[in-house]
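Student: Attaching a predicted model along with its sequence, questions to come.
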Amino acid sequence: MPTLTNKRILLGITGGIAAYKCAELSRLFTRAGAEVRVVMTRAAQEFVTPLTMQALTGNRVHLDLLDFEAEAAMGHIELARWADLVLVAPASADFLARIAHGRADDLLSTLILATPAPIALAPAMNQGMWSDPGTQQNLAEVHHRGYRLFGPDEGDQACGDVGPGRMVEPAELLAGCAELFSGEPLAGRHLLITGGPTREAIDPVRFLSNHSSGKMAYALATEAVAAGARVTLISGPVALPTPDRVTRIDVVGAEEMLSATMERITDADVFIGVAAVADYRPANQTAEKIKKDQVSMKIDLLRNPDIISEVAGLNPRPLVVGFAAETGDVLANGREKLERKRLDLLFANNATETFNSDEVAATAISAEGEIEIPRARKEAVARKMLGMIAERLSAAADTAS
Ligand code: CTP
């Protein structure tokens, strides 16, 4: 099934009988994982109601360029920037003519000029109008500009004619749009990432934890979305904003992180354990704050579950990727950890250089050997790491097929 996971599609509807198919189209897009926002021209509203499109997409439909209320909610330039793809379906002969001349006399034509996103058009009109040299010239112009054209199909027309001019069917449009994103290395993949530290409560006001900032996990989540993935980030307590389009689940302790992971692992293609999970937790958490009435005190500790090992023990299991921040022999410790935890890939680095830093260097360790990732900003390193993960996924897919 074609996927548009996480994609933001701006669906422009112009005036034509095929506009009724946009109800089905937006449903297919939503089901494929996209968020759809609809812009309708005045003529389109004669064929399908804004209310229908609003109900189907769950988003307010955009109608006018000069609408104070709509501009206050999401201005037209913001809307133009929001989109990953603008699809105009159906694109009428009049609309083609207007955009071929760079007009900006309504909201949709203005968005076409303003958007940095790719533009796709699904023309639909009477066969005579389609074949007219004026339309063909306009088409050649928009084609030359790099707009993607879907169709039209040939066949019976609503007006009784037979010939080219039917809008491409919604399922085919979905496949065509999904195809535009298929070059993204993690298109359609679900990545489950743990990040940040865990906190293990001693009493209501104190806890055991570590210096993890969560920056590496958050950089990976951000870059994975940019590479086309759907991302679930299970995060310990950190002071970072949630990256755009990432589903973030906040947890505190290791046991909570384990159950949040297990609840969501089934459809994950990749598990990346970046969290600095506390290895131990206090055996007893007191209900009252501990008073300093003793000269010394002991806290009994219990071993926490090893989340990544639990994931690696699943059958079937996702691709399992670990991190190791070491202080001694980074390579030897990393290799031992890769084997002990049965990981597919491990990124090892020096703990003293990693925590709370914006930059990092790492060594990728796998059964095939080691690859150095030179020191750079965590985002750049994250992109390299995800590239390696994507390679492994496609190698596994090739073997399976
Ligand atoms: N990890 C985990 N659950 C734990 C501990 C670690 O999922 N309870 C994961 C980390 O997210 C990381 C990898 O295991 O991907 C290695 O973490 P690290 O803390 O280096 O491993 P430990 O098993 O704690 O090894 P050490 O004895 O060196 O502390």
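Tutor: That came through, no problem. Predicted model, so just to flag it, every value in this text is computed and none were measured.
Student: what does the stretch 301-401 of the chain put close to the ligand?
Tutor: Residues of the stretch 301-401 of the chain lying near the ligand by C-beta under 6 Å from any ligand atom: 304, 306-308, 322-324, 337. Placement of C-beta: from N, CA and C, glycine included.
Student: Equivalent analysis for the chain, please.
Tutor: By C-beta under 6 Å from any ligand atom, the residues of the chain that approach the ligand are 194, 254, 273-275, 277, 279, 304, 306-308, 322-324, 337.
Student: and those residues, which are buried?
Tutor: Buried members of the residues of the chain next to the ligand, counted by 16 or more other C-beta atoms under 10 Å: 194, 254, 273-275, 277, 304, 306-308, 322-324, 337.
Student: Tell me which entries of these lie within strands.
Tutor: Of the positions in those, 194, 273, 322-324 sit in strands, assigned by DSSP state E.
Student: what does the domain assignment say about this structure?
Tutor: 8-180, 190-279+298-400 (automatic domain parsing).
Student: now these in CSV, with mean pLDDT and distance to Lys289?
Tutor: Shown next, in CSV, are these (pLDDT from 0 to 100; distance: least, C-beta to C-beta, whole Å):
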stretch, mean pLDDT, distance to Lys289
domain 8-180, 94, 46
domain 190-279+298-400, 95, 5
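Student: does Ala23 sit in a helix, a strand or a coil?
Tutor: Applying DSSP: H, G, I helix; E, B strand; the rest coil to Ala23 yields a three-state assignment of helix.
Student: From here on, call the first residue 409.
Tutor: Fine by me, first position is 409 from now on; the one you just mentioned is Ala431.
Student: isn't it right up against Leu464?
Tutor: Yes. Here Ala431 reaches Leu464: they are 5.8 Å apart, a contact under C-beta atoms under 8 Å.
Student: so who does the residue of the stretch 459-608 of the chain found nearest the ligand touch?
Tutor: Closest to the ligand within the stretch 459-608 of the chain is Thr602: 5.8 Å, counting by C-beta to the nearest ligand atom. Applying C-beta atoms under 8 Å, 6 or more residues apart in numbering to Thr602 gives the contacts 625, 641-644, 665, 669, 680-683, 685, 715.
Student: Mind doing that once more with 7 Å?
Tutor: By C-beta atoms under 7 Å, 6 or more residues apart in numbering, Thr602 lies in contact with 625, 642, 665, 669, 681-683, 715.
Student: do the same with Glu592
Tutor: By C-beta under 7 Å, 6+ apart, the neighbours of Glu592 are 635-636.
Student: Asp561 too?
Tutor: Residues counted as contacts of Asp561 (C-beta under 7 Å, 6+ apart) are 574, 576.
Student: residues in contact with the helix or strand hosting Arg800?
Tutor: Following DSSP states H and E, one finds Arg800 within helix 786-808. Helix 786-808 has contacts (C-beta under 7 Å, 6+ apart) with 593-594, 597, 623-624, 627-628, 630-632, 635, 677-678, 727, 729, 752-753, 755, 766-768, 770, 772, 781.
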